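S.K.: No sequence on hand, only this structure:
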Ligand SMILES: *Cc1c(COP(=O)(O)O)cnc(C)c1O
């Protein structure tokens, strides 16, 4: 089957994400999507187990989102948010403020998750300057965490996963420590905050660390963190870019854990996978330190496409779907099905651990395997699944039907068996 010309010619010019271009296998051409199906250039169809880096919560080409974007496109694709107001971002800000927990009420728009985390970090640092004049430039984050690929966010990722060593000297040094899951780690965190008065905030992915390996931890850990932050007067930032919008089986992981942060970031599924958009949301209390007659207390940040009208139209339509369709119930159904089908894999000798939370199921193998070959084998099975290191995971659209999810879990079971065979 011959490849399309655009692919053959473009391969000499495109620089792909997370790829050693010399040795990376040739990517297969996708030409059309619908629901949880990706149609390939050679006529094959794949059931999508990844939802395009966890973004397409309602499946691809949802007519309600496409309709909203088309309508916005025909009226006004975008105008800048500096000096002009337009409906989509204003409406979206009100809706996000109403639906997020506690008094998270002030919404700042960016175009990517990494930048939303950078803005959260900038807000946390400036909060202290504005409030007390202190220069607090340090953050506490956790091993196994992932917060983005930009320079400030690399510094708060897991040091092994992030590019710390490669960019040693250029990336700020931050406190990346163990999650306070036991007494020892909890008192270590407490101690750290007691000794270092230059810490602006704790930054964490609540309940589920995604890109760092689909690791789950208990809500009680977040409650500990909240307690410690409040005791030391340090801000708590939840990076819900992966966990937001139903992935953990609640609208937000913070809601599931019953813990409200001072700042929250959202991205990925925000637009239902249709457009790049992210937000940083702060509490009234944090925002109040910026709201002043003094111009120097303002937040000096403004992406070119801040509050992009098409992205915000897609996000508003996505929120309609969360309101009008049973997405959370669907996520919980997915959780049940993942549990029933994948949990028995824990008995295989080659399997280290099976982890399931909401619409995320992960099977961690004991040893490394050829990830490129596994990805190609999944495609041969008619499935799109992309293991992360030793972790084979599924994060399908929340709308996936039981029979399609069954095909995905059957594929994962088959792969885990093959990889376990001596
Ligand atoms: C993906 C992700 C990011 C980075 O988002 P980008 O849009 O890729 O910049 C940050 N934090 C978490 C938890 C993520 O999953």
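M.R.: Everything's here; your move. None of the values given here were measured: they were computed from a predicted structure.
S.K.: Just the closest residue of the protein to the ligand, please.
M.R.: Nearest to the ligand, among the residues of the chain, is residue 113, at 2.1 Å (C-beta to the nearest ligand atom). (Each C-beta comes from the backbone N, C-alpha and C, glycine too.)
S.K.: Apart from its chain neighbours, what residue comes closest to the spatially most central residue of the chain?
M.R.: Averaging the C-alpha coordinates of the chain gives a centre point, and the residue nearest to it by C-alpha atoms, centre = their mean is residue 242 (2.3 Å). Here the nearest residue to residue 242 in space, its sequence neighbours aside, is residue 210; by C-beta to C-beta, 6 or more residues apart in numbering that works out to 3.8 Å.
S.K.: and the gap between residue 254 and residue 205?
M.R.: According to C-beta to C-beta, to the nearest Å, residue 254 stands 11 Å off from residue 205.
S.K.: cool, residue 283 as well?
M.R.: Residue 283 sits 19 Å away from residue 205 when distances are taken as C-beta to C-beta.
S.K.: out of those two, which sits in the more crowded spot?
M.R.: Neighbour comparison, residue 283 and residue 205: the larger count goes to residue 205, with 26 against 20 (by other C-beta atoms under 10 Å).
S.K.: what about the nearest residue to the more buried one once chain neighbours are set aside, neighbour count?
M.R.: Spatial nearest neighbour of residue 205, chain neighbours left out: residue 239 (5.1 Å); criterion: C-beta to C-beta, 6+ apart. Residue neighbour count, defined by other C-beta under 10 Å, stands at 32 for residue 239.
S.K.: Isn't residue 239 up against residue 119?
M.R.: No - in this structure, residue 239 sits apart from residue 119 without contact. The criterion is C-beta atoms under 8 Å, and the distance is 11.7 Å.
S.K.: shared neighbours of the two, anything?
M.R.: Residues touching both residue 239 and residue 119 comprise residue 265, with contact defined as C-beta atoms under 8 Å, 6 or more residues apart in numbering.
S.K.: just checking, the residue nearest to residue 242 touches residue 243?
M.R.: Yes - when contacts are counted by C-beta under 8 Å, residue 210 is listed as touching residue 243 (7.4 Å).
S.K.: These two: who's more crowded?
M.R.: Between residue 210 and residue 243, counting by other C-beta under 10 Å, residue 243 is the more crowded of the two (29 against 24).
S.K.: these two touch, right, that one and residue 255?
M.R.: No - under the contact definition of C-beta under 8 Å, residue 243 does not touch residue 255, with a separation of 10.1 Å.
S.K.: rewinding a little: what do residue 254 and residue 205 both touch?
M.R.: With C-beta under 8 Å, 6+ apart applied, the overlap between the contact sets of residue 254 and residue 205 consists of 238, 240.
S.K.: show me what contacts the residue nearest to the centre of the chain?
M.R.: If you count contacts by C-beta under 8 Å, 6+ apart, then residue 242 has 54, 205, 208, 210, 211, 268 around it.
S.K.: So which of those residues sit within helices?
M.R.: The helices, defined by DSSP state H, take in residue 54 from these.
S.K.: For stretch 374-383, which residues meet the burial criterion?
M.R.: Going by neighbour count (16 or more other C-beta atoms under 10 Å), the buried part of stretch 374-383 is 374, 375, 377, 378, 379, 381, 383.
S.K.: out of those, which are inside helices?
M.R.: 374, 375, 377, 378, 379.
S.K.: could you dump those residues to JSON lines with distance to residue 125 and pLDDT?
M.R.: As requested, those are exported to JSON lines (distance: C-beta to C-beta, whole Å; pLDDT from 0 to 100):
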{"residue": "374", "distance to residue 125": "42", "pLDDT": "97"}
{"residue": "375", "distance to residue 125": "40", "pLDDT": "96"}
{"residue": "377", "distance to residue 125": "46", "pLDDT": "97"}
{"residue": "378", "distance to residue 125": "43", "pLDDT": "98"}
{"residue": "379", "distance to residue 125": "45", "pLDDT": "97"}
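S.K.: Out of those residues, which is nearest to residue 304?
M.R.: Closest approach between these and residue 304, by C-beta to C-beta: residue 375, at 34.8 Å.
S.K.: right, and the closest one touches residue 388 too?
M.R.: No - contact between residue 375 and residue 388 fails when scored by C-beta under 8 Å: they sit 10.9 Å apart.
S.K.: So, low pLDDT: which residues of the chain?
M.R.: When residues are selected by pLDDT under 70, those of the chain lie in 1, 162-164.
S.K.: Can you tell me which residues in it are near the ligand?
M.R.: Within the chain, the positions lying close to the ligand (C-beta under 6 Å from any ligand atom) are 112-114, 117, 146-148, 205, 210-211, 239, 241-242, 267-268.
S.K.: mind redoing it with 8 Å?
M.R.: 53-54, 112-117, 145-150, 153, 205, 209-211, 239-243, 265, 267-268, 276, 278 (C-beta under 8 Å from any ligand atom).
S.K.: those strands in the stretch 251-400 of the chain, which residues are they?
M.R.: If you assign secondary structure with DSSP state E, counting those that start in this stretch, the strands in the stretch 251-400 of the chain sit at 263-266, 278-283, 351-357, 360-365, 383-384, 391-394.
S.K.: likewise the stretch 1-150 of the chain?
M.R.: Counting by DSSP E, counting those that start in this stretch, the stretch 1-150 of the chain forms strands over residues 30-34, 37-40, 45-48, 104-110, 138-142, given from the N-terminal end onward.
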